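>>> sequence and predicted structure below; questions after.
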Amino acid sequence: MQTEVLIVGAGPVGLTLAVELARYGVSVRVVDKAPQRSDKSRAIVVWSRTLELLDRGGYGAGLVAAGMQVAAANIVASGKTVGRIELGGVASPHSYALILPQNETERLLEEHLNTLGVQVERGVGATSFSEGLQNVAVLLRKSDGSAEKVDCPWLVGCDGAHSMVRHGLHMVFTGDTPPSNWILADVHLRGMPDALEIEVGWHADGMLAIFPLSSERYRVVADVGPSRSGGRLPDPTLQEVQAMLDRRGRAGVTASDPRWLTTFHVNERKVVHYRRGRVFLAGDAAHVHSPAGGQGMNTGMQDAFNLAWKLALVCRGSAAEEPLLASYSTERSAVGERVLKSTGRLTSLAVVRGDMKQKIRNHMASLLFGFGPVREALADAISEVAIEYPESPLNARGPHAHGGPAEGERAPIVDGEPPFGSGDRPRFTLCADVTLPAAKRAAGVTIGLYGRLVEETVRAPLAAGGIWLVRPDGYVAMTTGLDGWDNVAAYLDRVIGRLSKWRVQAIQETLTES
């Protein structure tokens, strides 16, 4: 079988994309130049929205079982809590932060990928590629020195911040690298007051963030300012980590048994476009962020979810390439830009220098966190359930339903119902009141005409008095009034890429007969 999609990079983004495509029946290969999976914990938080999307394929539960649920984060300044974000009120089946080291996330994703008949090809790197009208020719180099040329319709670069695919596209990675150095330590801590909560400390010297990894192990992250030489600092010692905790943290906290000690720089960069022709970028290949807020890996995995259903529809011949594939870059580049700005602001806020500036920051934070709507908005933003696509080219334009979510917004998840797009092929979901005979007949005709694109059942409406069409990734594609079944047909024709007056007319005749 010909490879339809070649994925370069088997980190969490590449693995997520491969799982999603494979479960949709797309022929996929995944290559990674590293000889084996990384054993480093790296990104450690999986947020609510990512877990919701994992649930669609039935493999989110494995990650949840392996991780630890954290329901709150505290911001501490001068020994006092100036802000608290509680995730328990987030409108999601996963109203928490799932703490799971990245190496475990990758292991679980790869194991699930194997059950779908796909093995990661390790020690295989992509060295160059050229794009034709109908395919991409990719040169692979294996660890034994042999080479292979692969011709495939689509290529996706999930190969990290130093992406070969991005370099091959000659795309500029715009942004900068702030001069501060940071330390990271995965250690055992004793004496933590809120053992299973995240704590971000604002100190006169800088930031100190502590994330629980288990009941006894923690990740410590702190900025240490620019080095005198201007280069990367050596990895910290346990004694230096302890000194940092003593100086910036709460009294009586003791570090021991380090598993990982390292330094790093914060990079804030992204490309403008995530696609050129038959080649796509996702994850760190397209955007890198400050670790503040833990958004980087999740943003990349959601790139993969967004792209997978669109590529799958095109590969299976159920939809036209455009505007479906063009929407990937438009939607995800806008999200990446927002994440880049928000995490950059959070980092700048945490490392602000000067007594007066810090006092103003602490005072303003205390005031803002005193308002419930502010806390709720922050919880929704951090958990990523607030992500939406208001400017998507896939959003319908026309008469809208009153109430309920608008085009581009995340559709609310209803208890007891399977997630949107949870089948083995990407389909849109109709949500409408079909208790009236006319509506029931129109829904039946719509499903009959567009069965390759629409689920075979109709769900309850997302609000009274309208029809909603929800994308396979759970975002609203269109809303219309109760009698707008012909609008639904016109929208689906647009996705198919072949406007058909007879399909729209068939639905209109059904409504007229009623």
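Everything's here; your move.

>>> pairing partners for the longest strand seen in the chain, with directions?
In the chain, taking DSSP state E as the definition, the longest strand is strand 254-265. Sheet pairing for strand 254-265, assigned by DSSP bridges, gives strand 181-190 (antiparallel).

>>> spatially central residue in the protein, please.
Gln302 (2.7 Å; CA atoms, centre = their mean).

>>> related to what we said a few turns ago, now for the helix or strand that the longest strand of the chain is followed by, which elements pack on it?
Sequence-wise, the next helix or strand downstream of strand 254-265 (DSSP states H and E) is strand 268-270. Packing partners of strand 268-270 (3 or more CB pairs under 8 Å, 6 or more residues apart in numbering; DSSP states H and E): strand 174-176, strand 287-288, helix 324-350. Glycine gets a C-beta too; all of them are placed from N, C-alpha and C.

>>> rerun that using 7 Å as the cut-off
strand 174-176, helix 324-350 (3 or more CB pairs under 7 Å, 6 or more residues apart in numbering; DSSP states H and E).

>>> now render those as TSV, adding mean neighbour count.
As requested, the helices and strands packed on strand 268-270 are exported to TSV (neighbours: other CB atoms under 10 Å):
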stretch	mean neighbour count
strand 174-176	12
helix 324-350	19
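
>>> in which helix or strand does the residue nearest to the centre of the chain reside?
Going by DSSP H and E, Gln302 is in helix 296-315.

>>> for Glu106, same thing?
helix 102-115.

>>> going by neighbour count, which residues in that helix are buried?
Gln102, Asn103, Thr105, Glu106, Leu108, Leu109, Glu110, His112, Leu113 (16 or more other CB atoms under 10 Å).

>>> next one: stretch 457-471
Val458, Arg459, Pro461, Leu462, Gly466, Ile467, Trp468, Leu469, Val470, Arg471.

>>> out of the residues you listed, who's nearest Gly145?
Arg471 (44.9 Å; CB to CB).

>>> ok, now how distant is the closest one from Pro426?
For Arg471, the distance to Pro426 (CB to CB, to the nearest Å) stands at 9 Å.

>>> what of Gly117?
19 Å.

>>> and if you look at Ala251?
Applying CB to CB to Ala251 and Pro426 gives a distance of 54 Å.

>>> same check, this time on Asp151
From Asp151 to Pro426 the distance is 25 Å (CB to CB).

>>> specify which residue of these two has the higher count of neighbours.
More crowded of Asp151 and Pro426, by other CB atoms under 10 Å: Pro426, with 24 against 13.

>>> does the more buried one count as helix, strand or coil?
coil (DSSP: H, G, I helix; E, B strand; the rest coil).

>>> and it, what does it touch?
By CB atoms under 7 Å, 6 or more residues apart in numbering, the contact set of Pro426 is Tyr24, Trp309, Ala312, Leu313, Pro472.

>>> without its sequence neighbours, what residue ends up closest to the fourth one?
The reference is to Leu313. Ala319 (3.9 Å; CB to CB, 6 or more residues apart in numbering).

>>> any idea how many residues pack against the one you found?
23.

>>> quick check: phi and psi at it.
With angles defined as degrees, to the nearest 10, Ala319 sits at phi -150, psi 160.

>>> isn't it up against Val495?
Yes. Because the distance of 5.1 Å satisfies CB atoms under 7 Å, Ala319 is recorded as touching Val495.

>>> return the distance of the longest strand of the chain from the chain's centre.
27 Å (CA atoms, centre = their mean, to the nearest Å).

>>> with that, I have no additional questions.
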